[in-house]
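**Student:** Prediction below, plus the sequence it came from.
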Amino acid sequence: MGLIKFLKEKFSKKKEEKELTKQENNISEVNEQNDSKLEENNNIKKEEDLNKLNDNKNSDFDLKKYDKGLEKSRKSFADKLKSLSKKYKKVNQEYFDNLEEVLIEADVGVKLTLDVIQELLEKSKKEKLEDPEEINELLIDILFLKYVKENEDKNLELKFGSKNPTICLIVGVNGVGKTTSIAKLAYRYIKQNKKVLIVAADTFRAAAVDQLEIWAKRINCDIVTGLNNQDPASVLYKGLEKAKNENYDLVIIDTAGRLQNKVNLMNELSKMSKVINKLSPDSIKETLLIIDATTGQNGVLQAKSFYEATGLTGIIITKMDGTSKGGIILSIRDELGIPVRFIGLGEKIDDLELFDLEKYLYSLCINKD
């Protein structure tokens with residue numbers, strides 16, 4: 001079964017509704033049982049069924065967010081694929097040339113696009129495929145396999161130790177949604193009953209500190225700030241001491257986004273790393289880069305610069321709902337091998353979702369008409 005058929009079956013609304021109805025009926029049956037000898041087992045079964053039901057409802061809700069957030073990209077990408085398949089009864093070189101153009105316009109990236117087209121040509125000849133729809137299905141299979149890396153941890157959530165707070169450095173240029181993403185990330189883990197502390201270490205931009213203070217108040221999150229132009233490492237030091245003394249689970253650190261070159265960037269983050277290693281040597285450490293999806297290939301160039309300067313453990317991609325070029329995620333992965341950890345699908349505080357490759361490809365590539 002090709003990936004398109006698999007995803008259509010997996011995310012079929014009818015299938016979801018049938019499964020939910022079936023599980024709701026099972027829960028009702030459990031509730032109707034009155035045998036006192038089975039009461040304890042029934043309660044356990046009821047709780048397990050409720051958990052499964054809630055998981056399915058949450059998954060369905062998340063898929064709706066992906067569908068809505070990627071609507072512009074889907075209309076650009078999936079609709080073009082559909083139009084292309086209708087234009088040709090059999091594929092030829094012109095078809096592949098047009099397909100190449102569609103991929104590049106979607107910000108998949110020139111390098112990845114050429115690799116994908118070459119693989120499509122080879123496999124279509126080998127398997128004697130001439131139907132455009134079959135070629136498009138094969139395209140989605142190849143894009144999926146290009147993204148997936150062997151021996152990589154598939155759990156993209158931040159991880160937590162039992163004794164020390166997880167330290168999460170947030171990097172990125174100004175204007176990409178860094179402040180808002182920090183608030184959304186903090187809110188996500190507050191909802192998971194984690195004790196979260198924000199450290200406003202971008203002391204070179206007063207507006208950033210003010211915005212973070214407003215967000216922290218809205219989501220009821222503690223925050224540590226410093227003075228204008230204060231050494232960011234000293235603000236971080238104060239924050240980590242607080243986190244250590246007051247048993248926080250997660251520390252999210254804003255960093256400057258206006259450093260003019262990689263040398264300055266490396267020096268600043270090097271100082272921060274020394275502070276972290278001194279105060280929290282055994283903590284789990286993350287460095288997440290914020291990229292604005294609407295910047296297209298400029299975002300890929302930003303990722304390269306930060307990757308070379310700091311090393312990254314993941315990407316948070318924002319404003320996916322505002323772009324028609326949703327292929328940037330595939331391009332970043334191909335260029336740097338860094339996973340997208342979270343994806344911003346809207347402006348609401350809870351619109352930061354854990355990245356799900358299947359939901360992403362389903363919402364980007366499959367025409368809903």
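**Tutor:** Right, received. Where do you want to start?

**Student:** next SSE after the host helix or strand of residue 298?
**Tutor:** Assigning secondary structure by DSSP states H and E places residue 298 in helix 297-310. Remark: after helix 297-310, the chain's next helix or strand is strand 314-318, criterion DSSP H and E.

**Student:** Within its sheet, name the partner strands of that following strand and how each one runs.
**Tutor:** strand 285-292 (parallel), strand 340-344 (parallel) (DSSP bridges).

**Student:** Between these, which one is closest to residue 86.
**Tutor:** strand 340-344 (30.4 Å; C-beta to C-beta). Heads up, the C-betas are built off the backbone N, CA and C, glycines and all.

**Student:** how near is residue 340 to residue 330?
**Tutor:** From residue 340 across to residue 330, the span is 10 Å (C-beta to C-beta, to the nearest Å).

**Student:** okay, the two: which has more neighbours?
**Tutor:** The neighbour count for residue 340 versus residue 330, taken as other C-beta atoms under 10 Å, is higher for residue 330 (26 against 23).

**Student:** next one: phi and psi at the more buried one?
**Tutor:** In terms of degrees, to the nearest 10, the main-chain angles of residue 330 are phi -70, psi -40.

**Student:** Just confirm it contacts residue 112, I think it does.
**Tutor:** Yes - at 6.1 Å, residue 330 and residue 112 qualify as touching, with contact defined as C-beta atoms under 8 Å.

**Student:** Quickly list what's touching both of those two.
**Tutor:** Common contact partners of residue 330 and residue 112 (C-beta atoms under 8 Å, 6 or more residues apart in numbering): residue 146.

**Student:** So for the helix or strand encompassing residue 270, what gets flagged as buried?
**Tutor:** Assigned by DSSP H and E, residue 270 belongs to helix 262-279. Of the residues in helix 262-279, 265, 268, 269, 272, 273, 275, 276, 279 count as buried by neighbour count, 16 or more other C-beta atoms under 10 Å.

**Student:** what two of the residues you listed are the furthest from one another?
**Tutor:** 265 and 279 (21.8 Å).

**Student:** okay, now residue 193: neighbour count?
**Tutor:** Using other C-beta under 10 Å, residue 193 has 7 neighbouring residues.

**Student:** One more: residue 186?
**Tutor:** Neighbours around residue 186, by other C-beta under 10 Å: 27.

**Student:** Check for me that it belongs to a helix.
**Tutor:** Yes - applying DSSP: H, G, I helix; E, B strand; the rest coil, one finds residue 186 inside a helix.

**Student:** Fine by me, thanks again.
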